[in-house]
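A.B. asks: Sequence and predicted structure are below.
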Amino acid sequence: MLNLKKDLPEIFDDFAENRQNSFIRVKELKDKNIPIVGVFCTFFPSELAFAAGASCISLCSTSDETIPVAEKDLPKNICPLIKSSYGFAITDKCPFFYFSDIVIGETTCDGKKKMYEYLGNFKDVHVMQLPNSISPEAKKLWMAEIVKCKKILEEKFETSITDEKLKEAIKVVNNERSALKKFYNLMTADKLPMKGLDLWHVLEGIQYEFDKTVIPEYIDEVIEKIKAENNEYTGERILITGCPIGKATEKVIEAVERTGAIVVAFENCGGAKANDLNVDENNPDLIEALADKYLKIGCACISPNPNRIELLTRMIKDFKVDAVIDMHLTACQPFQMESKSIKELSEILGVRYMAVETDYSTSDIGGLNTRIEAFIEML
């Protein structure tokens with residue numbers, strides 16, 4: 001559990017290390033017979049897991065440690081996130097995967113779909129068939145997939161996900177998202193209260209707090225500490241969008257901020273993309289309410305993808321962004337293909353745009369630093 005009695009720099013460090021520190025806590029959950037649902041994507045309605053009395057945890061791995069092992073089974077020229085996640089799973093080096101009672105996948109890309117097939121050989125895996133467009137027909141399909149997943153979890157954990165339990169879970173997760181949105185909106189200020197790397201450490205680290213009911217209180221305390229510090233940072237204001245960011249790809253944030261610029265916003269999966277919208281608590285049809293919220297996630301796997309454009313437009317204006325950096329993981333075709341749209345949007349809104357491609361190794365740090373430094377100098 002995070003210790004918020006510490007001073008602010010130490011608190012940021014604790015958030016940065018919360019994933020690793022939670023390895024022991026996930027075993028404690030198992031010792032208490034609390035089920036674990038492992039997930040790979042924010043499209044999974046985590047409210048289903050909580051309503052089933054389970055904890056929900058991200059299985060995505062962002063280290064190159066097990067990629068050589070994964071490449072014995074998988075092609076070398078695929079996304080490093082897939083290879084890293086698969087490698088940690090088959091080597092039992094990921095406690096989250098090891099302790100997961102069931103893994104919920106989703107069809108966001110072809111590489112993931114095939115990975116789930118292989119993971120199914122030694123772990124209980126259920127794959128949700130995510131529509132690749134937004135339409136009334138897509139909504140019906142996603143509602144049916146949510147109902148199917150609900151039944152799978154009920155059977156797996158021998159429980160009943162009642163409307164009352166689901167309503168409560170929706171409220172808890174809505175409160176979490178609202179708290180995180182309140183936190184990252186601190187960066188809309190003219191004088192910035194923190195650096196982008198600290199902002200990211202909180203957004204990434206809070207995912208590994210298993211008791212979601214305490215997150216709003218945690219975040220409020222962090223906000224109060226930040227305000228009490230009364231820091232006023234200035235510099236070119238950068239928004240990062242694109243593929244999911246993890247520990248290894250924090251090198252992109254570090255490359256930006258070593259120039260004196262500040263990352264003020266993250267549209268990526270762990271940032272605004274997942275937390276911008278809540279589930280409508282006034283909709284009596286809970287399945288429809290979940291489907292509406294999660295289908296509005298502006299991921300590049302959706303085509304066309306107006307929701308990402310709408311969100312980025314708001315963020316560029318609200319966070320007073322000077323430039324957009326579009327981060328792509330090697331071989332992530334959906335986000336790479338969508339870079340043209342993001343570049344055109346940036347030009348329309350009068351901000352600079354840069355795309356960078358990276359993986360989980362450290363071999364490109366020098367090149368990243370040089371390219372990003374030159375880009376920031378042009379601002």
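C.D. replies: Nice, I can see it.

A.B. asks: Tell me the predicted confidence for Ile24.
C.D. replies: In this model, Ile24 is scored at 89, pLDDT.

A.B. asks: Remind me what the helix or strand hosting it packs against, helices and strands.
C.D. replies: Ile24 belongs to helix 18-31 when assigned by DSSP states H and E. With contacts taken as 3 or more C-beta pairs under 8 Å, 6 or more residues apart in numbering; DSSP states H and E, helix 18-31 sits against strand 36-39, strand 55-58, helix 95-99, helix 196-205. Where you see a C-beta, it was placed from the backbone N, CA and C, and this is true even at glycine.

A.B. asks: Please work out which of the ones you listed is packed deepest.
C.D. replies: strand 36-39 (a mean of 25; mean count of other C-beta atoms under 10 Å).

A.B. asks: Go ahead and name everything in contact with that one.
C.D. replies: The list of residues contacting strand 36-39 from outside it, by C-beta atoms under 8 Å, 6 or more residues apart in numbering, reads 26, 29-30, 46, 49, 52, 54-59, 96-97, 99-104, 153.

A.B. asks: and the nearest residue to Leu29 once chain neighbours are set aside, what is it in contact with?
C.D. replies: Sequence neighbours aside, Ser55 is the residue nearest to Leu29 in space, at 5.6 Å (criterion: C-beta to C-beta, 6 or more residues apart in numbering). Contacts for Ser55 were tallied using C-beta under 8 Å, 6+ apart; they are Val26, Leu29, Ile34, Pro35, Ile36, Val37, Ala49, Phe210.

A.B. asks: of those, closest to Asp280?
C.D. replies: Ala49 (19.7 Å; C-beta to C-beta).

A.B. asks: just checking, what packs against the helix or strand harbouring the closest one?
C.D. replies: Here Ala49 sits within helix 46-51, counting by DSSP H and E. Helix 46-51 sits against strand 36-39, strand 55-58, helix 136-157, helix 163-184, with contacts defined as 3+ C-beta pairs under 8 Å, 6+ apart.

A.B. asks: Check the gap between the residue nearest the centre of the chain and Asn369 for me.
C.D. replies: Closest residue to the average C-alpha location of the chain: Gly270 at 2.6 Å, with C-alpha atoms, centre = their mean. The gap separating Gly270 from Asn369 is 23 Å, by C-beta to C-beta, to the nearest Å.

A.B. asks: doesn't Arg352 make contact with Ile372?
C.D. replies: No. In this structure Ile372 lies outside contact range of Arg352 using C-beta atoms under 8 Å: 11.8 Å.

A.B. asks: If you count surrounding residues, which of these two has more?
C.D. replies: Between Ile372 and Arg352, counted using other C-beta atoms under 10 Å, the more crowded position is Ile372 (23 against 18).

A.B. asks: The more buried one in helix, strand or coil?
C.D. replies: Reduced to three states with DSSP: H, G, I helix; E, B strand; the rest coil, the structure at Ile372 is helix.

A.B. asks: Identify the residue spatially nearest to it, adjacent ones excluded.
C.D. replies: Spatially, and ignoring its direct neighbours in sequence, Ile372 is nearest to Ala255 (4.4 Å; C-beta to C-beta, 6+ apart).

A.B. asks: can you tell me which residues contact the residue nearest to Met187 when sequence neighbours are not counted?
C.D. replies: Counting by C-beta to C-beta, 6+ apart, the nearest residue to Met187 once its immediate chain neighbours are dropped is Val264, at 4.3 Å. Under the criterion of C-beta under 8 Å, 6+ apart, the contact list for Val264 reads Met187, Thr188, Leu192, Gly196, Leu199, Arg237, Ile238, Leu239, Phe319, Lys320, Val321.

A.B. asks: quick one: which of the residues you listed is nearest to Phe122?
C.D. replies: Leu199 (37.4 Å).

A.B. asks: what about Thr241, which SS state?
C.D. replies: In the three-state summary, Thr241 is assigned as strand, counting by three-state DSSP.

A.B. asks: Once you drop chain neighbours, what's closest to it?
C.D. replies: Leaving aside its sequence neighbours, Thr241 is closest to Glu267 (4.1 Å, by C-beta to C-beta, 6+ apart).
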